[in-house]
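1. here's my sequence, what's the structure:
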Amino acid sequence: MPEAPAEKLYAKNSYASSSPTTDGKLVYAYFGNAGVVAVDFNAHIAWHTGFGAISLYHGPGGSPLLYNDSLILFQEQRLMDRNATTAQGFMVALDKKTGRELWRQNRTPQPGWGTPIAIHVGDHDEIIVSSSRRIEAFDPRAGALLWYSTGNTFEVIPTPVVGHGMVYCSSGRAGPTFAVRPGGVGDVTASHVVWSTPKGSSFVPSPLLLGDYLYTVNDMIGVVSCHHAKTGELVGQLRVGEAKREGFSASPVAVEGKIYFTNDDGETFVLSPAPDFKLLHVNRLGEQTLASPALVDGRWYVRTAGHLMAIGSEKG
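-> Residues are numbered from 1 along each chain as shown. Alright, predicted model coming up:
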C-alpha cells in the first residue's frame, strides 16, 4: 500500500484513527490519504482504493460503513484557511468485493469527521450523516439526498444513534443534541425535529442510547447528561473527573446494566443508568486512552497509547 503524503495531524489523531469493519470474510480499514484497504484473515490484501490527498485540517477520522454489498465512506474536506483551495468532500460507495466505485456524491468543502449509519424507514433504507450545520439522509442505491435538518453547529464528529423511531445526533463543540424522525423529503427541520437541547452535547464522543434514556458527555467540561430519549427532558447531570477541554475522545458503552465513560487520561467512570443515574466508581488504566473499547465474548479490548489490553468484564 502506498505511503500517505506527509501532513500535519492533530496530536490526538493518526491515519489509523478510523475503526475497521468486517463482514466475516474481509476486514475493511480506511487510512485517509492512503485510501481504503480490504484484507482477508490471512493478512492478504484483497484490494486497495485510493482517493488522493485528503484536504482536512487535523487529518481524517470517519469510519467506513458496510451496507449490503457496498462499503460507504463519508469524507468532508476543508483546510483551516477558508481562502485556501480545498478539494470537494465526498460520500462514496465501493463494491465490497473489489473496491470498484459504485457511486459518488460530491459535497461543498466544510470540516467534519463523521461516520455514516444505515437505518430502515418504512419500505426503504436511508444512510444518515451528521455534518456541519445539517443532519442529512441519502438513498443508499445512488447516494441521492432524501432529506435534511438544520441546526447542527460546526466541526461535527459524533456518530448518530437510533431508537424509538428517531435518530439522535450530537452536533459538536458542545452545541445542541437533536432527536429527529427519519423519513420525509427536503428540509424537514420544522416537521421532523422532535426535540433538541440548547447546548452541552459531545464534541468528540458519540451519544449512548440505553432503554428510554440518552447519555452524552460534554467533553469540553467533563459533564455527563442524561435525557429522556422520547421527550428530551433532562433527567440529571454528573461531573466525571476534572474539567478539561476536550478531555474525552472514546465513546461510552453499556455492559451488564452499567454505563462506562473513559476519558483521555485512561480513567473509566462507571455509572448506574437512569432513573438511579449516579457515579458508582472509577477505574484507572494509567495510560492515555483515545479509542473506544471493543467488547467481545465477555472481554474488553482497550487500545491505549502504548498497549492493547484485554480485560475480563467481571473486573469492570
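
2. helix or strand: which one has the closest residue in space to residue 283 that isn't next to it in sequence?
-> For residue 283, ignoring the flanking residues on the chain, the nearest one in space by CB to CB, 6 or more residues apart in numbering is residue 268 at 4.3 Å. Placement of C-beta: from N, CA and C, glycine included. Using DSSP states H and E, residue 268 sits in strand 267-272.

3. ok, then the element right after that strand?
-> strand 278-284.

4. quick one, that next one and strand 267-272 angle?
-> On the basis of axes from the mean of the first three to the mean of the last three CA atoms, to 10 degrees, strand 278-284 is oriented at 150 degrees to strand 267-272.

5. state the next helix or strand along the chain beyond strand 278-284.
-> strand 294-296.

6. what average pLDDT does that following strand get?
-> Computed over strand 294-296, the mean pLDDT rounds to 89.

7. for stretch 25-37, same thing?
-> 95.

8. now do it: distance to the chain's middle.
-> With CA atoms, centre = their mean, to the nearest Å as the basis, stretch 25-37 stands 17 Å off its chain's centre.

9. would you mark the buried spots in it?
-> Neighbour counts over stretch 25-37 (16 or more other CB atoms under 10 Å) mark 26, 27, 28, 29, 30, 31, 32, 33, 34, 35, 36, 37 as buried.

10. and residue 302, which helix or strand is it part of?
-> Using DSSP H and E, residue 302 sits within strand 299-303.

11. same for that strand, what does it pack against?
-> Judged by 3 or more CB pairs under 8 Å, 6 or more residues apart in numbering; DSSP states H and E, strand 299-303 is in contact with strand 294-296, strand 308-312.

12. redo those strands as TSV? Include distance to residue 64 and mean neighbour count.
-> TSV is the format used below for those (distance: least, CB to CB, whole Å; neighbours: other CB atoms under 10 Å):
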stretch	distance to residue 64	mean neighbour count
strand 294-296	16	13
strand 308-312	21	12
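
13. wait, which of those strands is closest to residue 14?
-> strand 308-312 (14.8 Å; CB to CB).

14. could you give the angle of the closest one to strand 299-303?
-> 160 degrees.

15. tell me how far residue 60 lies from residue 93.
-> 18 Å (CB to CB, to the nearest Å).

16. again with residue 206
-> 22 Å.

17. do residue 191 as well
-> 28 Å.

18. which one's more surrounded, the two?
-> residue 93 (25 against 12; other CB atoms under 10 Å).

19. OK, contacts around residue 96?
-> Contacts for residue 96 (CB atoms under 8 Å, 6 or more residues apart in numbering) come out as 23, 26, 28, 38, 66, 69, 70, 71.
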